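Build me a model:
(one chain, ligands or ions: 1)
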Amino acid sequence: MCGIFAYIGQQNAYDVLIKGLKRLEYRGYDSAGIALLNKGLNLYKTKGKVTDLEDLMKDKNKEGNVGIAHTRWATHGEPNDANAHPHYSLSKKLAIIHNGIIENYASLREELVKRGFVFRSDTDTEVLIHLIEDIQISEKVDLVEAVQIALNEVIGAYAIVILNKDNPNELIAAKKGSPLVVGLGKDEYFFASDATPIVEYTQNVVYLEEEEIAIVNIKEGLKIKTTKNKDKTPYVQKLEMSLQALEKGGYEHFMLKEIYEQPRSIRDSMRGRLNIEGGIVSLGGIIDYEQKFLSANRIIIIACGTSWHAALVGEYLFEDLARIPVEVEYASEFIYRNPVIYENDVVIAISQSGETADTLAAIELAKSKGATIIGICNVVGSSIARAVHAGSYTHAGPEIGVASTKAFTAQVTILTLMALMIAQKKGTISKSRFYQIINELNVIPAKVEKTLKASEKVKAIAEIFQDSRNFLYLGRGYNFPVALEGALKLKEISYIHAEGYPAAEMKHGPIALIDEQMPIVVVATKKGTYEKIISNIQEIKARKGIIIAIITEGDKRVKDIADYIIEIPDTDEVLTPLVATIPLQLLSYYVAVMRGCNVDQPRNLAKSVTVE
Ligand code: F6R
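Numbers count the residues shown, from 1 in each chain. Predicted coordinates:
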């Protein structure tokens, strides 16, 4: 979703900003723009990519040491040059970049139009900068005060940075509901939606809190105030992100790199938390909340997209191992359907980015009802990580490809550890079963590594099916969420329609779709409902469907019926998603590449969905 990057310092702002925008590209966007302060406050913006912006800037003055830049993912108004950020105020003395949505923008706009304001775009953002300038002039206050007054009038979410022609030494930023990080370099400062464009310049950052305003003056440094004019002391944190993690490292796409990183990211997510010799699983971040789990009548897991699929695996794990009833909720539905939430509910919120607006809103709702909120996030210091009572980070490292891969397996790893930890404390798992699972968990990274070796085979299958118009993905038990995730991966990066279904549900409807054109990916590992899934495969074959089966290494029965097979190493049923997901990620990746799709930045998609 929209990316903010701003710079003030000693370097050429244009160079720093363009590089930063490229780092933010992974968030997803459809236009880009920049404002520089040199001979005046100049603003350049265009529909398209950052490279289009560079083309536009070829013959322009790129001097100056201060500027703001933006990648926009359209919400209000179509993606065109006029709606791209930054936006000028009426006098063109101020320029703003904005992430989030000003919900009462229509009434504010109407008011401003009545008072003679002319709008150059359809955006809610332009309303905000006009409002700020209007207050500044009519109430004769300085810019900071005008920003404070305006932000107290608006309803909605914002992360903003404002550049002021009359004060080239200063940038003003504010945040509510959308993330904003301030990077503190030596005689230079950065503002960004996330730390990725900052890390190559400085490790020292301040994450702005809700309704805080940051004023960076190149001579005076950083000051933080609230929108209610309370002074705050900046809390400086050290970034742990490495620059290397933000590069493709020889892979053709970030997605492929991230698929291949999974043996490491799963291991990193277990590191220090799984003690095989001692027979202990311990997630330090939630130890103080163990009792809440033990006395919970139920767990509610809230998430969106791929994280929601991980949540479904979590449901199977917690019910199976810890015998606690689990409800899995789409965060967006949870918020608006007046859910019943009890004080002794434990709510687990899962989010890679930690910025998903729906999930954040669901957390706030559950919190307001007194429930205990546990987070599973990948991005350290993210809004969700800060909103929850406690939690465990996945240690997947930055995920740049828009389609989530390594974050999913890391989330499932944490859920497995969590369920095991609680099951052990609750006494719902026998010692022998506990050891069986943890020993197997310990070798999962090696099994994932082995599964990745099937890549050439998967590629050959992708070649055959690259022009298919529909796909069906089926699985049962722990493999049902795997089927859903496989279908989501395919549709989001290759734009092929794909549906995931519980295999047994097929006969209640989707079976009507099956003919000799329809590829059906069946996750048919030799565990749990193996016999039942064989019957489901027979039903498909009887109707001439084409079966691509994910099978346990050496399994002859499914191999004999399926048209194509991909073998994966045998593992414990509860850990199957960690392995069975891998070939499905590869399949979607290769199909998308063969179709010429933009794998890392699929159309219309955003990496962190910061609007509801
Ligand atoms: C799919 C994908 C999305 C995200 C969803 C939630 O590949 O990336 O479906 O999973 O937008 O995002 P997070 O996990 O950041 O809350």
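
Give me the outermost residue of this protein relative to its centroid.
Lys140 (41.9 Å; CA atoms, centre = their mean).

Relative to the ligand, how far out is that one?
44 Å (CB to the nearest ligand atom, to the nearest Å). For glycine as for every other residue, the C-beta is placed from the backbone atoms N, C-alpha and C.

What strand or helix carries that residue?
Of the helices and strands defined by DSSP states H and E, none includes Lys140.

which helices and strands sit right next to the helix or strand hosting Leu294?
In the assignment (DSSP H and E), Leu294 maps to helix 290-295. Applying 3 or more CB pairs under 8 Å, 6 or more residues apart in numbering; DSSP states H and E, one finds that helix 290-295 contacts helix 406-426.

Could I get the buried residue list for the helix it packs on?
Residues 406-424 are the ones in helix 406-426 that count as buried (16 or more other CB atoms under 10 Å).

That one: how far from the chain's middle?
In terms of CA atoms, centre = their mean, to the nearest Å, the centre of helix 406-426 is set 20 Å apart from its chain centre.

Repeat that for stretch 121-133.
Offset of stretch 121-133 from its chain centre (CA atoms, centre = their mean): 28 Å.

what about the residue farthest from the centre of the chain, distance to Glu111?
20 Å (CB to CB, to the nearest Å).

residue ranges of the helices in the stretch 251-400 of the chain, please?
For the stretch 251-400 of the chain, the helices defined by DSSP state H, counting those that start in this stretch occupy 254-260, 262-270, 290-295, 305-317, 331-336, 357-368, 383-387.

and the longest one with helix 357-368, angle?
It stands for helix 305-317. 50 degrees (axes from the mean of the first three to the mean of the last three CA atoms, to 10 degrees).

packing partners for helix 305-317?
strand 299-303, strand 326-330, strand 346-351, helix 406-426, helix 479-494.

ok, the closest residue to the ligand within the stretch 251-400 of the chain - contacts?
When distances are taken as CB to the nearest ligand atom, the stretch 251-400 of the chain reaches nearest to the ligand at Gly305, 1.9 Å away. Going by CB atoms under 8 Å, 6 or more residues apart in numbering, Gly305 touches Ser404, Leu488.

State the number of residues packed around Asn344.
12 (other CB atoms under 10 Å).

Then Glu485?
32.

what about it, distance to Val347?
Taking CB to CB, one finds Glu485 at 22 Å from Val347.

again with Tyr235
For Tyr235, the distance to Val347 (CB to CB) stands at 26 Å.

More neighbours: those two, which one.
Using other CB under 10 Å as the criterion, Tyr235 and Val347 rank with Val347 on top: 27 against 10.

If you drop the residues flanking it in sequence, what lies closest to Lys559?
In space, and not counting its chain neighbours, Lys559 is closest to Ile565: 5.2 Å by CB to CB, 6 or more residues apart in numbering.

and that neighbour, that's in a strand?
Yes - per DSSP: H, G, I helix; E, B strand; the rest coil, Ile565 lies within a strand segment.

Find me the pLDDT at it, would you?
We have a pLDDT of 97 for Ile565.

hey, what's it bridged with?
With DSSP bridges applied, Ile565 shows beta-bridge pairing to Ala549.

That one against Ala549, yeah?
Yes - between Ile565 and Ala549 there is a contact under CB atoms under 8 Å: 5.0 Å.

and these two? which has more neighbours close in?
More neighbours surround Ala549 than the other of Ile565 and Ala549, with 24 against 20 (other CB under 10 Å).

who touches that one in this structure?
Taking CB under 8 Å, 6+ apart, one finds Val521, Val522, Val523, Ala524, Ile537, Val558, Lys559, Ile561, Ala562, Tyr564, Ile565, Ile566 in contact with Ala549.

for the ligand, what are the nearby residues on this structure?
304-307, 351-353, 356, 359, 403-404, 488, 492, 608-609 (CB under 6 Å from any ligand atom).

Among those, pick out the one closest to Val599, please.
Using CB to CB, Ala403 comes nearest to Val599 of the residues of the chain next to the ligand, at 7.5 Å.

Could you double-check that the closest one sits in contact with Glu492?
Yes - contact criterion CB under 8 Å: Ala403 and Glu492 qualify, at 5.5 Å.

Let me see the contact set for Ile540.
Met506, Ile511, Ile514, Ile520, Val522, Ile547.

Need the three-state assignment for it.
On the basis of three-state DSSP, Ile540 is classed as helix.

ok, it to Lys559 distance?
Distance from Ile540 to Lys559, by CB to CB: 15 Å.

just the buried members of the contacts of Ala549?
Val521, Val522, Val523, Ala524, Ile537, Val558, Ile561, Ala562, Tyr564, Ile565, Ile566.

which ones among these are found in helices?
Those of the buried ones among the contacts of Ala549 mapping onto helices are Ile537, Val558, Ile561, per DSSP state H.

Now render these as JSON lines, adding pLDDT.
Shown next, in JSON lines, are these (pLDDT from 0 to 100):
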{"residue": "Ile537", "pLDDT": "93"}
{"residue": "Val558", "pLDDT": "94"}
{"residue": "Ile561", "pLDDT": "94"}
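
hang on, Gln136 packs against Gln148?
No - applying CB under 8 Å, one finds Gln136 not in contact with Gln148, separated by 11.0 Å.

Now rank the residues of the chain next to the ligand by neighbours and give me the top one.
Busiest of these [other CB under 10 Å] is Ser351, holding 33 neighbours.

Select, out of the helices and strands packed on helix 305-317, the one closest to Glu25.
When these are ranked by proximity to Glu25 (CB to CB), helix 479-494 comes first, at 15.6 Å.

what angle do the helix or strand just after the closest one and helix 479-494 make?
Tracing the chain past helix 479-494, the next element assigned as helix or strand by DSSP H and E is strand 497-502. Counting by the same axes, to 10 degrees, strand 497-502 lies at 170 degrees to helix 479-494.

Against Met418, how distant is Tyr260?
Distance, Tyr260 to Met418, using CB to CB: 26 Å.

again, but for Ser178
29 Å.

re the thing from before, which pLDDT value goes with the residue of the stretch 251-400 of the chain closest to the ligand?
Turning to Gly305, the model gives it a pLDDT of 97.

Any idea how many residues pack against the closest residue to Ala82 other than its chain neighbours?
Nearest residue to Ala82 in three dimensions, chain neighbours excluded: Ser121, at 4.6 Å (CB to CB, 6+ apart). By the criterion of other CB under 10 Å, Ser121 has 19 neighbours.

Ser121 is in contact with Tyr88, isn't it?
No - using CB under 8 Å as the test, Ser121 is too far from Tyr88 to be in contact (9.7 Å).

where do the contact lists of those two overlap?
In terms of CB under 8 Å, 6+ apart, Ser121 and Tyr88 are not both contacted by any residue.

hang on, the earlier thing: shared neighbours of Ile565 and Ala549, anything?
Common neighbours of Ile565 and Ala549 (CB under 8 Å, 6+ apart) are Val558, Lys559.

Break the chain down into its structural domains.
With domains defined by automatic domain parsing, the chain comprises 2-244, 248-450, 453-598.

ok now the shortest one, how far from the chain's centre?
Read that as domain 453-598. For domain 453-598, the distance to the chain centre is 25 Å (CA atoms, centre = their mean).

ok, now stretch 280-287?
Computed by CA atoms, centre = their mean, the separation of stretch 280-287 from the middle of its chain amounts to 24 Å.

Span of it from start to end?
Across stretch 280-287, the terminal residues are separated by 13 Å (CA to CA, to the nearest Å).

Likewise for stretch 230-246?
Stretch 230-246 stretches 37 Å from its first residue to its last (CA to CA).

And for Lys489, the neighbour number?
Using other CB under 10 Å, Lys489 has 29 neighbouring residues.

Give me the nearest residue to it, chain neighbours excluded.
Leaving out its chain neighbours, the residue that sits closest to Lys489 by CB to CB, 6+ apart is Ser588, at 3.9 Å.
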